[in-house]
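1. sequence first, predicted model second:
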Amino acid sequence: MECRQVQLDYKWLKKQGDRIFPPAEEADEQGLLAYGGELTKELLLIAYARGLFPWYTPGEPILWWCPNPRMILQPEWFNPSKSLRRKVRSGIFEIRSDTCFDEVIRYCARVPRPGQEGTWITPEMERAYISLHNEGFAHSIEAFHKGRLVGGLYGVSLGKAFFGESMFYLVSDASKVAFYHLVEFLKKKEFHLIDAQVTTAHLTSLGGQEVSRETFLGMLEKALQFPTLQGKWKISGLDKER
């Protein structure tokens, strides 16, 4: 399937709403649906509400994806390992949220990952997600050790859905403990799903599952019927797990 070009004009965008994208079901076998446009907060919010996310390399047009299958984690599926539970109980990390979003996304862009060269988090993407954070739609969960930021993650929240974007760690298990506290928070807020976009062995070990694109879009539609928990989140991990 040939990918459609998305032309972004702000006035046209406001008029067309979510029709700026073709239906997500028309994505090709790799999940690619469209290319082009700009990373404005308006277009990003429309994309996430349609089950799409941007992923591209510097110097190329923005690519918009909706893979099939889709990796998700429903909070009630969460199955942390015994070692992760011990790490949480140890209280070695202090968990905060939305206190240093800019730092988290920049670490995610710059900290090397095993087996991966470079990053998809371009300066343009950093600015776009920082803008979403300033509007209360993007959030960071941060792990501190002795007052120093050593791990964390960030993502986008709409309705009862959380779209995980990236994580980093400077100290072993820091991002895992941050994720643990995120899931516990989302359980309390009765979120329907965490979108992990693509399958990873780590999330599978924690209870994540692959679902079809059709199933994911149906779940997302239901999750978006609820109000968005907009603004700064208050997640803390100062107390040891009981």
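-> Now that the structure is in, tell me what you want to look at.
2. now L149: which helix or strand?
-> Using DSSP states H and E, L149 falls within strand 148-158.
3. which helices and strands sit right next to that strand?
-> helix 41-49, helix 101-110, helix 123-134, strand 138-145, strand 161-169, helix 174-188 (3 or more C-beta pairs under 8 Å, 6 or more residues apart in numbering; DSSP states H and E). C-beta: built from backbone N, CA, C; applies to glycine.
4. and those, which is most packed in?
-> strand 138-145 (a mean of 25; mean count of other C-beta atoms under 10 Å).
5. centroid residue for this protein?
-> Centroid-nearest residue in the chain, with C-alpha atoms, centre = their mean: G164, separated by 1.9 Å.
6. grab the nearest non-local neighbour of that one.
-> G155 (4.4 Å; C-beta to C-beta, 6 or more residues apart in numbering).
7. kindly state the beta-bridge partners for the one you found.
-> Judged by DSSP bridges, the bridge partners of G155 are H139, G164.
8. returning to what we had before: quick check: buried residues in the strand holding L149?
-> By 16 or more other C-beta atoms under 10 Å, the buried positions in strand 148-158 come out as L149, V150, G151, G152, L153, Y154, G155, V156, S157, L158.
9. outline the domain layout of the chain.
-> Residue ranges for the domains of the chain, per automatic domain parsing: 4-66, 71-223.
10. so how far is the longest one off the chain centroid?
-> In this case it means domain 71-223. Its chain's C-alpha centre and that of domain 71-223 lie 6 Å apart, by C-alpha atoms, centre = their mean, to the nearest Å.
11. end-to-end on that domain?
-> From its first residue to its last, domain 71-223 covers 16 Å (C-alpha to C-alpha, to the nearest Å).
12. same question, stretch 200-217
-> 20 Å.
13. that stretch - what's its average pLDDT?
-> Mean pLDDT, computed over stretch 200-217, is 94.
14. can you check stretch 106-114 too?
-> Mean predicted lDDT for stretch 106-114 stands at 86.
15. just to revisit the earlier point, out of the helices and strands packed on strand 148-158, which is closest to L33?
-> helix 41-49 (9.5 Å; C-beta to C-beta).
16. same question for the closest one, mean pLDDT?
-> 92.
17. for it, packing partners?
-> By 3+ C-beta pairs under 8 Å, 6+ apart, helix 41-49 packs against helix 10-16, strand 53-54, helix 123-134, strand 148-158.
18. got those as a markdown table, with mean pLDDT columns?
-> Below are the helices and strands packed on helix 41-49 laid out as a markdown table (pLDDT from 0 to 100):
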| stretch | mean pLDDT |
| --- | --- |
| helix 10-16 | 44 |
| strand 53-54 | 96 |
| helix 123-134 | 96 |
| strand 148-158 | 98 |
